[in-house]
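> need a structure here:
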Amino acid sequence: MTQSTQIHSTAIVDPAAQIGDGVEIGPFSIIGPKVVLKDRVRVISHVTIAGNTTLGEDCVLYPGAQIGHPPQDFKYQGEDTELIIGPRNILRENVTMHPGTTFARGRTVIGSDGYFMVGSHVAHDCIVGDRVVFANCAAIGGETIIADHAILGGYAGIHQKSRVGRHAFIGAMAMVTADVIPYGSVIGNHAHLAGLNVVGLKRRGMPRETLRELRAAYRLLFAQEGTFDERVDDVAQLYSGNAPIAEIIDFIRTDAKRSICMPDD
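Down below sits the predicted model:
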């Protein structure tokens, strides 16, 4: 801890905590003994950070955030597991994130540059990628994987052990009980695949020809003719040079714990 670090007089910071340069810890916040706050982390006020938790550089935690408390799983018996949060994440009011468990990954890992809005939740043993957005009260169950650039709408819920691919969009209040393909857009309760996240892909600069092929591949994948496995093989052969389509095919072919989210008949 250096002279540039600012800790409010009402904050409680355990002497064993590792506090980086330029960290700000605001009023009535509590920092536990195994916590690591890297350079320039801002804890605005009324935040509790517990457990074996690391926050990367330039993270900002708003009032009421509760980070690193024991996971909500009856099998957890106080084992020393981890919560690792990468740099430049913003955690708004009342966000909760839990560490891993010894019967799964042993750690929860958050990437960089995420925006977690009011009341959103990351459960135990999850892996969350870079530049994700969790809108208000979006929640993911234990052992879920959320890939880079995914967006979860307000009050969306992701079933435990699910996967959400890169650039996917989850609509508000969707209840997702199956894996969501990269670039997919899902809505509803229970959620169904409603197309591609075309708006998001255009905003991120996907070339027009790549997007055109992606849309054609999507139509073929989820057509009515033949079996799904046959259509997957056909798409893999027809569009072997298209990287986003290859990513979708790899995602589908991965041996996973949940089925693929499909369009509504």
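
> shaky segments in the stretch 1-150 of the chain?
Per-residue confidence for the stretch 1-150 of the chain (pLDDT under 70) gives these ranges: 1-3.

> now the helices for the chain?
Using DSSP state H, the helices of the chain run over residues 198-203, 208-221, 228-238, 243-253.

> Touching, A138 and A150? I think so.
No - under the criterion of C-beta atoms under 8 Å, A138 makes no contact with A150, lying 10.3 Å away. All C-beta atoms are positioned from the backbone trio N, CA, C, and that covers glycine.

> what residues are shared contacts of those two?
Taking C-beta atoms under 8 Å, 6 or more residues apart in numbering as the criterion, A138 and A150 both touch I170.

> how about the helices of the chain in CSV, adding distance to D264?
Supplementary listing: these in CSV, determined by distance: least, C-beta to C-beta, whole Å:
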stretch, distance to D264
helix 198-203, 18
helix 208-221, 15
helix 228-238, 15
helix 243-253, 18
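
> out of the ones you listed, deepest packed?
The highest mean neighbour count among the helices of the chain, using mean count of other C-beta atoms under 10 Å, belongs to helix 243-253: a mean of 18.

> neighbouring contacts of it?
With contact meaning C-beta under 8 Å, 6+ apart, helix 243-253 is reached by 163, 165-166, 179, 181-183, 206, 210, 213-214, 217, 221, 232, 235-236, 239-240, 260.

> For it, what is the distance to the chain centroid?
Distance of helix 243-253 from the chain centroid (C-alpha atoms, centre = their mean, to the nearest Å) equals 20 Å.

> average pLDDT for that helix?
Looking at helix 243-253 alone, the average pLDDT works out to 96.

> Please apply the same query to stretch 171-184.
The predicted model assigns stretch 171-184 a mean pLDDT of 97.

> Mind listing what's buried along it?
Residues of stretch 171-184 classed as buried: 171, 173-174, 176-184 (neighbour count, 16 or more other C-beta atoms under 10 Å).

> Please produce a markdown table containing these, extended by distance to F74.
Formatted as a markdown table, the buried residues of stretch 171-184 follow (distance: C-beta to C-beta, whole Å):
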| residue | distance to F74 |
| --- | --- |
| G171 | 31 |
| M173 | 28 |
| A174 | 27 |
| V176 | 24 |
| T177 | 21 |
| A178 | 25 |
| D179 | 26 |
| V180 | 28 |
| I181 | 32 |
| P182 | 33 |
| Y183 | 37 |
| G184 | 33 |
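
> What distance separates the opening and closing residues of stretch 50-57?
Stretch 50-57 has its terminal residues 18 Å apart, counting by C-alpha to C-alpha, to the nearest Å.

> which residues sit against stretch 97-111?
Residues from elsewhere that reach stretch 97-111, judged by C-beta under 8 Å, 6+ apart: 51-53, 67-73, 75-76, 79, 81-86, 89, 91, 116, 121-132, 142-143, 148.

> Just the buried ones out of those residues, please.
In terms of neighbour count (16+ other C-beta under 10 Å), the buried residues within the contacts of stretch 97-111 are 51-53, 67-71, 73, 76, 81-86, 89, 91, 116, 121-132, 142-143, 148.

> Go through the residues you listed and flag which are in strands.
Among these, the subset assigned to strands under DSSP state E consists of 52-53, 67, 82-85, 91, 116, 121-122, 127-128.
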